[in-house]
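1. Quick one, what's the 3D model for this:
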Amino acid sequence: MSGTIRICFIGDSFVQGIGDPEHRGWVGRVLEATGGDITAFNLGIRRDTSEDVLRRCWQEVLPRTLPGSDNRLVVSFGSNDMVQENGTVRVGAARTVENLASILEEARRQAITPLVVGPPPVVDAGGEHLRRTAALADEMAALCRSQHVPFIATTLELADDPVWTREALAGDGAHPGRGGYQRLAELVGAGQWRAWIEQPGS
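-> Sure thing, here's the model as predicted:
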């Protein structure tokens with residue numbers, strides 16, 4: 001690692017870790033497995049869409065950065081965007097990708113090194129929501145590839161995971177317990193996280 005690292009994790013209830021009886025979520029578990037000199041800030045808010053995250057992102061992230069430090073940003077949203085309300089999705093996929101592009105552009109301008117974690121599945125939202133979310137995740141991944149930003153896919157990987165599914169259905173239908181968040185943490189940790197965390201920051 002490149003000295004002291006400050007990481008803001010911004011996104012929705014999955015970032016917040018709702019449903020975890022240990023109150024660690026995947027963020028706490030990834031940090032625990034990573035170790036090192038990291039100062040972390042969890043900025044997840046339940047029900048937030050990409051519009052909500054974009055609206056509050058920089059007023060929350062910038063005060064938590066430190067000049068001369070290795071400042072990082074982990075972004076994760078999209079599951080709430082794809083939820084249907086009153087016959088339409090809360091945020092269209094094209095707009096979600098635009099919101100992500102805006103955040104990545106500003107991160108580059110602020111010399112903050114980003115990483116994107118794809119939207120997890122919402123089990124009780126059904127097959128159509130899963131298809132929409134998986135398609136959105138593909139578009140987000142394509143954007144990240146074009147900008148050389150690490151993207152960690154989670155949607156289909158967790159949709160097929162029996163621990164995630166079982167715990168979500170035993171809870172509120174969307175959020176898992178400790179086992180499901182451990183699965184998500186393992187997905188993140190087995191992805192591009194280690195290379196990202198060990199590279200020098202912007």
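2. So, low pLDDT: which residues of the protein?
-> For the chain, applying pLDDT under 70 flags the ranges 1-3, 202.
3. and the most centrally placed residue in the chain, backbone torsions?
-> Computing the C-alpha centroid of the chain and ranking residues by Cα atoms, centre = their mean puts Ser76 first, at 2.1 Å. Dihedral pair for Ser76: phi -150, psi 120, per degrees, to the nearest 10.
4. Roughly how far does it sit from Ala137?
-> Going from Ser76 to Ala137 by Cβ to Cβ, to the nearest Å gives 11 Å. Yep, even glycine has a C-beta here, placed from its N, CA and C like the rest.
5. Which neighbours do those two have in common?
-> 118-119 (Cβ atoms under 8 Å, 6 or more residues apart in numbering).
6. thinking again about what came up before, surely the residue nearest to the centre of the chain meets Leu115?
-> No: if you go by Cβ atoms under 8 Å, Ser76 and Leu115 don't touch, sitting 9.3 Å apart.
7. sorry, back to before: beta-bridge partners for the residue nearest to the centre of the chain, please?
-> Gly11 (DSSP bridges).
8. so where do the helices sit in this structure?
-> 13-16, 25-34, 50-61, 93-109, 126-146, 155-159, 162-170, 178-190, 193-198 (DSSP state H).
9. Relative to Phe41, which of these is closest?
-> helix 50-61 (8.2 Å; Cβ to Cβ).
10. Tell me which of the helices of the chain is the most buried.
-> Across the helices of the chain, the average number of neighbours (mean count of other Cβ atoms under 10 Å) peaks for helix 13-16, which reaches a mean of 24.
11. what packs against that one?
-> On a contact count with 3 or more Cβ pairs under 8 Å, 6 or more residues apart in numbering; DSSP states H and E, helix 13-16 meets helix 25-34, strand 38-44.
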